[in-house]
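Trainee: I would like to see how this sequence folds:
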Amino acid sequence: MSRIGRKLIDIPSGVTLSVDDGKVMIKGPKGELSADLVPGIEVEVEDNAIRVTRQSDDKKTRAFHGMIRALVNNLVLGVSSGFERKLEIVGVGWRAQMQGTTLVMNLGYSHPVEYNPPEGIEITTDGPTKISVKGIDKQAVGHTAAVIRGFRPPEPYKGKGIRYAGEHIIRKAGKAGA
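Mentor: Have a look, this model is predicted:
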């Protein structure tokens, strides 16, 4: 049996769960999220905890057991505390700032790069070289951070670019020189 799928999910105070027609809906203080269930996987509430079980031991159902448990856990964490991803800009003269809800970045191009976040995502700048992406949907937060990083990914020679906070960039040696 899946080790991840067996683990119970604790329900924090203020979070409610409902299951109808193969769909899990979770409401909490930060908002409401839902996810579709795979046929053969069931979600049950018992003693202030969520248990994810499977009906059979065929290969496909076993494969989805741990994944559905992880998705439901991410929904519970999102509506109770939310998710955050931090980015850093490395480069001389490169900076980011918020203009209303638009993130405007100067990244060494001939024009400023503007990015409007999707609905449900909040972007803030903590100084000119720090960007913070927050939201309740873990997938949307990670995707938004990846899109922002994609405007100028870190390069291996000088390490310039947009990187995740704490990300280690493997550096390459430059030309040997004469």
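
Trainee: which one's the longest helix in the protein?
Mentor: The helix that spans the most residues within the chain, counting by DSSP state H, is helix 59-80.

Trainee: which regions of the chain sit below the pLDDT cut-off?
Mentor: Along the chain, segments meeting pLDDT under 70 span 1-2, 178.

Trainee: What segments of it are helices?
Mentor: For the chain, the helices defined by DSSP H occupy 3-6, 59-80, 138-150.

Trainee: Now those helices in a markdown table, please, with extra columns for distance to Pro29 and mean neighbour count.
Mentor: In this view, the C-beta of every residue, glycine as well, is placed from N, C-alpha and C. Shown next, in a markdown table, are those (distance: least, CB to CB, whole Å; neighbours: other CB atoms under 10 Å):
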| stretch | distance to Pro29 | mean neighbour count |
| --- | --- | --- |
| helix 3-6 | 26 | 13 |
| helix 59-80 | 7 | 18 |
| helix 138-150 | 17 | 17 |
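
Trainee: Using JSON lines, please lay out the ones you listed together with distance to Gly22.
Mentor: Below are those laid out as JSON lines (distance: least, CB to CB, whole Å):
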{"stretch": "helix 3-6", "distance to Gly22": "17"}
{"stretch": "helix 59-80", "distance to Gly22": "11"}
{"stretch": "helix 138-150", "distance to Gly22": "19"}
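
Trainee: which residues touch Val79?
Mentor: Going by CB atoms under 8 Å, 6 or more residues apart in numbering, Val79 touches 15, 26-33, 136.

Trainee: Using PyMOL, define a selection of the buried residues within those residues.
Mentor: Restricted to buried positions by 16 or more other CB atoms under 10 Å, the PyMOL selection for these reads:
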select buried, resi 15+26+28+33+136
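
Trainee: Show only the entries of the contacts of Val79 found in strands.
Mentor: Using DSSP state E, 26-28, 31-33 are the members of the contacts of Val79 that sit in strands.
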